[in-house]
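Colleague: Here's my sequence, what's the structure:
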Amino acid sequence: MHLKLNQFFNSFRNVIFDYDNTLAQIPINWQLERKNFICFCKKNFQISFNGSRIDEMELQLFNLYPNRSSEILKFRRRLEFQYLGKHLPHQILVNSIRNIDSNLFIVSNNLCETVTSGLSSFKVLENFTQIIGVDTLCSPKPSTVSWDYLVKHHNLNNYDTLYVGDSPTTDGIYSSKIGIPFLQLPITNYPS
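Modeller: Take a look at the predicted model:
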């Protein structure tokens, strides 16, 4: 299976990965934290959200308050930093990454430090050319600002690039907007 997966990835010049629930699982209760983030938004920005994902609400906040990105990211920093060192690797993907010849990138709605910490603990950090987190450009997926950055700084194009992720509503829409293939992975193969 690893050989077939590696051959598939190597058929693309560039492979972009999501992080949480793709390369790793961060044991965050996202339903609970979504409620907490809604309260955070009401208290700090006097804005109400209903049922959106945290990254979707963050994108709206970044668009409404472009000069307050540091405040917007306070909640995510507090949340994600609690779980540094507690990420569970997707072992099949992590093992495959060590043998992929393609240029590898991360575009994640997690913080850069969160992703860097996890990849470092899995001993695959050096395999990645660029990591773009929610805090890099303050424009989470499905916004395509990160794609524009990768095209400009790494000469990526949509005919030989693959996106690998778990979410059709962020990763899938992101891939569709930029016109690259999307490999949606089920959430499996994490150690228990």
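
Colleague: From now on I want contacts and neighbour counts done on CA atoms only, so please keep to that.
Modeller: Noted.

Colleague: got a list of what Ser175 touches?
Modeller: Going by Cα atoms under 8 Å, 6 or more residues apart in numbering, Ser175 touches Tyr163, Pro181, Phe182.

Colleague: Of those, grab the buried ones for PyMOL.
Modeller: This is the PyMOL syntax for the buried subset of those, where burial follows 16 or more other Cα atoms under 10 Å:
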select buried, resi 163+181+182
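
Colleague: can you list the contacts of Ser175 in CSV and add secondary structure?
Modeller: Formatted as CSV, the contacts of Ser175 follow (DSSP: H, G, I helix; E, B strand; the rest coil):
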residue, secondary structure
Tyr163, strand
Pro181, coil
Phe182, strand
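
Colleague: For the closest residue to Thr161 other than its chain neighbours, give me its contacts.
Modeller: Using Cα to Cα, 6 or more residues apart in numbering and skipping residues adjacent in sequence, the residue nearest Thr161 is Asn14, 4.6 Å away. Counting by Cα under 8 Å, 6+ apart, Asn14 makes contact with Ser102, Asn103, Leu104, Phe105, Leu156, Asp160, Thr161, Leu162.

Colleague: Now name the helix or strand holding Gln7.
Modeller: Taking DSSP states H and E as the criterion, Gln7 maps to helix 2-10.

Colleague: Show the secondary-structure elements that that helix is packed against.
Modeller: Applying 3 or more Cα pairs under 8 Å, 6 or more residues apart in numbering; DSSP states H and E, one finds that helix 2-10 contacts helix 91-97.

Colleague: any residues touching the lowest-mean-pLDDT helix or strand in the chain, and which ones?
Modeller: Within the chain, no helix or strand scores below helix 2-10, which has a mean of 82 by mean pLDDT, DSSP states H and E. By Cα under 8 Å, 6+ apart, the residues outside helix 2-10 that reach it are Val15, Ile92, Asn95, Ser96, Ile97, Asn99, Ile100, Asp101, Ser102, Leu162.

Colleague: wait, Cys112 sits on Gly133?
Modeller: Yes. Between Cys112 and Gly133 there is a contact under Cα atoms under 8 Å: 4.5 Å.

Colleague: give me the number of residues near Val124?
Modeller: By other Cα atoms under 10 Å, 15 other residues sit near Val124.

Colleague: Next one: it from Lys141, what distance?
Modeller: 23 Å (Cα to Cα, to the nearest Å).

Colleague: What score does the residue located most distally from the centre of the chain have for pLDDT?
Modeller: Distance to the chain centre peaks in the chain at Gln46, reaching 27.4 Å (criterion: Cα atoms, centre = their mean). What the model reports for Gln46 is a pLDDT of 95.

Colleague: Backbone dihedrals for it, both of them.
Modeller: When read as degrees, to the nearest 10, the backbone of Gln46 gives phi 50, psi 50.

Colleague: repeat for Val164
Modeller: phi -120, psi 120.
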